[in-house]
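In: any chance you can model this:
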Amino acid sequence: MCAECDGGGIQGGMNLENGGQLGELQQLADEIAGSSQLDRALAGLRRQGNRYECSEASGVDHFHAAEVDHDSTGLGRKLGNFGHGFTYSGHPVAAAVAVKTLEIYARDKIFAAAAARMPQFQQQLKKLGEHPLVGEARGMGLMGGLELVADKASKRAFEPKLGVAARCVRFAEEGGLIVRAVIGDTVTICPPLIIQADEIDELFARLARALDRTLDWAKRERLLVN
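Out: I've put the predicted structure just below:
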């Protein structure tokens with residue numbers, strides 16, 4: 001069984017609570033098919049300091065993350081088909097690059113380096129949660145999301161048509177920072193795994209300035225709840 005988690009992670013606004021559903025899904029898949037795979041880089045691939053994106057918080061222990069193993073090909077033989085015409089369509093050039101990338105990950109200990117940056121990243125994310133415009137700051141590993149709200153006390157949301165998170169992203173880009181606006185007026189942060197300590201500080205300093213500009217804009221447009 002293959003699962004693609006578009007509804008969570010970065011694209012879904014860093015909604016972390018799943019009530020153990022992924023773990024239950026994994027158990028069911030293993031009982032029926034003997035194999036389970038989880039595909040989605042933006043759900044946290046490599047961003048929790050290990051090879052795969054899932055963690056104890058998801059109730060998952062051995063979902064494979066978009067990497068074909070012998071169980072997958074064996075299941076394909078049983079079913080008479082191994083469907084692989086998906087992202088990049090198994091092109092040999094893309095496959096060769098992928099193999100070399102995995103070698104570099106191992107050689108340079110990329111996952112361990114990313115894990116070392118996680119506490120600093122999450123600490124900075126938590127600090128931005130105190131900003132007047134942020135209703136909630138949530139994250140895991142080297143991923144984070146800031147949900148922007150019209151009223152911090154009640155966490156009342158902005159009208160989606162106002163595009164407040166998109167406005168914050170625009171201000172961030174003008175300040176030299178690339179972030180993303182997703183569902184629920186959430187600004188998500190997904191830095192490179194090779195980010196350094198001083199770069200994390202700079203990232204959040206630029207994001208704080210973008211939030212300040214967004215707050216000033218929201219006040220001028222009278223979008224906040226008084």
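
In: any low-confidence regions in this protein?
Out: 1-23, 25-26, 32-90 (pLDDT under 70).

In: hmm, 80 instead?
Out: Along the chain, segments meeting pLDDT under 80 span 1-91, 226.

In: any idea which helix is longest in it?
Out: helix 197-220 (DSSP state H).

In: name the helices or strands packed onto that one?
Out: Secondary-structure packing of helix 197-220 (3 or more Cβ pairs under 8 Å, 6 or more residues apart in numbering; DSSP states H and E): helix 110-128, strand 143-151, helix 164-174, strand 186-189. (Glycine included, C-beta is placed from N, CA and C.)

In: from one end of stretch 174-187 to the other, what's the distance?
Out: End-to-end span of stretch 174-187 (Cα to Cα, to the nearest Å): 15 Å.

In: list the buried residues of it.
Out: 177, 179, 180, 181, 182, 184, 185, 186, 187 (16 or more other Cβ atoms under 10 Å).

In: what's the angle between the longest helix of the chain and helix 110-128?
Out: Using axes from the mean of the first three to the mean of the last three Cα atoms, to 10 degrees, the inter-axis angle of helix 197-220 relative to helix 110-128 is 30 degrees.

In: list the buried residues for helix 197-220?
Out: Quick answer for helix 197-220 (16+ other Cβ under 10 Å): 200, 203, 204, 206, 207, 208, 210, 211, 213, 214, 215, 218.

In: now the two most distant members of the buried residues of stretch 174-187.
Out: Largest separation among the buried residues of stretch 174-187 by Cβ to Cβ: 177 and 184, giving 20.5 Å.

In: per-domain residue ranges of this protein.
Out: 2-107, 111-220 (automatic domain parsing).

In: got the CA coordinates for stretch 112-131 in CSV?
Out: C-alpha atoms of stretch 112-131 as CSV (Å, rounded to 0.1, in the frame of the first residue of the first chain):
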residue,chain,number,x,y,z
ALA,A,112,22.6,14.1,11.8
ALA,A,113,23.4,17.6,11.0
ALA,A,114,19.8,18.5,10.5
ALA,A,115,18.9,16.9,13.8
ALA,A,116,21.4,19.0,15.5
ARG,A,117,19.7,22.2,14.3
MET,A,118,16.2,21.1,15.3
PRO,A,119,16.1,22.5,18.9
GLN,A,120,17.3,25.9,17.7
PHE,A,121,14.8,25.9,14.9
GLN,A,122,11.9,25.0,17.1
GLN,A,123,12.9,27.5,19.8
GLN,A,124,13.0,30.3,17.3
LEU,A,125,9.6,29.1,15.9
LYS,A,126,8.1,29.2,19.4
LYS,A,127,9.4,32.7,20.0
LEU,A,128,7.5,33.9,16.9
GLY,A,129,4.4,32.4,18.3
GLU,A,130,4.4,35.4,20.7
HIS,A,131,3.9,37.8,17.8
